[in-house]
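>>> following is a predicted model, sequence given first.
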Amino acid sequence: DPLALPEVRQMLDDAQLNLHGLLERLTIPGENSGVNWFINGQEVSIPAPKMLSRILSGIMKMVFPKTPKFKNDMIVRKKPSGPVVNSRKKLILGILERHGQEIFGITGNFPDASMARTILIGSGIYRESNGAWSYAAPDELKDPVMSELWERIRLFFTDPAEHGKSPSDLFDNLASPPYGIRPALFPILFAAGFKAHAHMTSLLRDGAYVPDILPTTIEAICKEPDRHSVQVLSLDKKSKEYLELLRADFSGQVVAQADEADLIGTSYEAIMAWSRQLPPAVATTRRLSKPSLAFRNATQRTQDPVKLMLEDFPEVTSLSISDLVAQELGTLSSIKNEIENVVNAYRIEACGIVAQSLKLREGESLLEGCKRWSECYLPILEKRDAGRPVLVRMSNTYDNESRLIDSIADALLQKTITRWEDADLKRFSLAFRDLAATVELKLISADFSEGSMDPTLKDGLTAILRNRLQKDLNTFAELAGREELERLLDIVAKQDRK
């Protein structure tokens, strides 16, 4: 009822004032307040509010003796304002992407720079040493409280655990005595700890690997810690060597052995980057060996880098990690090369189909054979003939057979070989054989009378037909025998004389 709303509001205000007065009698001490105060079961006399404040401060120091001092009231709170949260995200972005720069590459005197200076630089966690900015080790911090806090964060990211660690365990520990850190600081401390110490870890969300760590990822971890877990690995020397070899082999770059920062993540990213640049055919082809198919399927389906690299790859090769290191990934490299050459295998087979269809002379290159065949048959084709565009492509000059076969495939199927799938190879075979047969049938209607055809063209066609006839007759002799071949030739000669 709109008319009753002002009256209800007035009644609420009166009730709140009355409640406030009652609470003051209980919380504000005085000689006549009628309230007795007890600390640890012992009654104490508190005649004035100032004394209560001193006593409460003493109690807080006893309960939270190791609370670090971060001099920034914008962020040292339970729930910061929206603008402060946005500034915190900017700082986290700097932590994740601009490590090694002064104040993480942040300029100006905005809240993100203020938080960087007061939380990380002012505490000594992030400092300049010998002209370079980096994170300090816990024992390098002068403040013993800050040193212990940073050590606890380090242990979370470095101590191996049989199962994944929940971030909620870390946050509960930081918020509880003796630390009492406010929740608004968790994203900054977690991001700094992850960047400084998470060298052998992987981050999971709902059991799935998180490939890209973004400011929103860090915020989500702190908002919903139970949905996330951090896997910390205990890698022996051989496993580290193995991961370094993987990273170098799949990235194509030699990485310094001393650089172990985020070894799991960088190795996995190198594999995924390699996988993303493969041609589409790799995702569907069955024209691979059994180990290569298993490797391809594992990289496509497995989102957990630890399982992929430390379990699936050795299983695919039937070798231990030590054996793979001993052979410098020889078996894995062979599998990788086979997968990379899927398109090249298509090209080789397509070249064979063309050479077989044209029945090229023994030792004749595909480039020469295609050019000779197309130049002989083009003049007898009508301009609107469907096969003419393919023959025009074949008559052009190319640097190598790969360029030639790519051009033929594009003209014949309107699809370059780099975009082929297994079925396209069969389509190409049927289409090109049909094209060659259809074009050669044009000879039946061609005019071979004296002077009707260019002598050079006539000689070329004669050479093609002679070579084709020789191959066909040899095949006939292998099937029916030399006597049947001679009988056939005799019949042809007699018919010609008639």
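Nice, I can see it. Residues are numbered from 1 along each chain as shown.
>>> what ranges does the stretch 51-200 of the chain have for its strands?
Along the stretch 51-200 of the chain, the stretches classed as strands by DSSP state E, counting those that start in this stretch are 126-129, 132-135.
>>> export those strands to TSV and tack on mean neighbour count?
The C-beta positions use only the backbone N, C-alpha and C, and glycine is treated the same way. Formatted as TSV, the strands of the stretch 51-200 of the chain follow (neighbours: other Cβ atoms under 10 Å):
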stretch	mean neighbour count
strand 126-129	14
strand 132-135	15
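>>> looking at those strands, which is closest to Gly100?
strand 132-135 (5.6 Å; Cβ to Cβ).
>>> which stretches of the stretch 201-350 of the chain aren't confidently modelled?
Under the criterion pLDDT under 70, the flagged ranges of the stretch 201-350 of the chain are 253-262.
>>> now with 90, please.
Across the stretch 201-350 of the chain, residues meeting the criterion (pLDDT under 90) sit at 201-204, 207-213, 231-237, 240, 251-270, 272-273, 276, 280, 284, 300-307.
>>> can you give me the strands in it?
Under DSSP E, counting those that start in this stretch, the stretch 201-350 of the chain gives strands at 201-205, 208-209, 228-232.
>>> which one of those strands lies closest to Ser407?
strand 208-209 (42.2 Å).
>>> centroid residue for this structure?
With distances taken as Cα atoms, centre = their mean, the chain has Met272 as the residue nearest its mean C-alpha position (4.0 Å).
>>> skipping adjacent residues, who's closest to that residue in space?
Pro211 (7.1 Å; Cβ to Cβ, 6 or more residues apart in numbering).
>>> what about that neighbour, how many residues nearby?
Look at Pro211: counted by other Cβ atoms under 10 Å, it has 13 neighbours.
>>> for it, give me its contacts.
The contact partners of Pro211, by Cβ atoms under 8 Å, 6 or more residues apart in numbering, come to 268-269, 272, 303.
>>> could you pull up the contacting residues of Ala184?
Contacts of Ala184 by Cβ under 8 Å, 6+ apart are 75-80, 84, 88.
>>> the strands of the stretch 201-350 of the chain: which one's closest to Val392?
strand 208-209 (51.0 Å).
>>> adjacent strands (with direction) for the closest one?
strand 201-205 (antiparallel) (DSSP bridges).
>>> tell me what angle the strand it pairs with forms with strand 228-232.
In terms of direction (axes from the mean of the first three to the mean of the last three Cα atoms, to 10 degrees), strand 201-205 departs from strand 228-232 by 160 degrees.
>>> CA atoms only for strand 201-205, dumped as PDB, please.
Written as PDB, here are the backbone C-alpha positions of strand 201-205 (Å, rounded to 0.1, in the frame of the first residue of the first chain):
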ATOM      1  CA  THR A 201      52.400 -27.400 -11.200                       C
ATOM      2  CA  SER A 202      49.200 -27.500 -13.300                       C
ATOM      3  CA  LEU A 203      45.900 -25.800 -12.500                       C
ATOM      4  CA  LEU A 204      42.600 -27.700 -12.800                       C
ATOM      5  CA  ARG A 205      39.000 -26.400 -12.800                       C
END
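>>> show me what counts as buried in stretch 176-194.
179, 181-182, 184-194 (16 or more other Cβ atoms under 10 Å).
>>> same check on stretch 309-328?
309-310, 312-314, 316-317, 319, 321, 324-325.
>>> end-to-end on that stretch?
End-to-end distance for stretch 309-328, by Cα to Cα, to the nearest Å: 15 Å.
>>> before we move on, what about stretch 393-408?
End-to-end distance (Cα to Cα), stretch 393-408: 6 Å.
>>> pLDDT of it, averaged?
In this model, stretch 393-408 has an average pLDDT of 93.
>>> buried residues in that stretch?
In stretch 393-408, counting by 16+ other Cβ under 10 Å, buried: 393-395, 398, 401-402, 404-408.
>>> between which two of those residues is the distance greatest?
Going by Cβ to Cβ, the pair spanning the buried residues of stretch 393-408 furthest: Ser395 and Ser402, at 17.6 Å.
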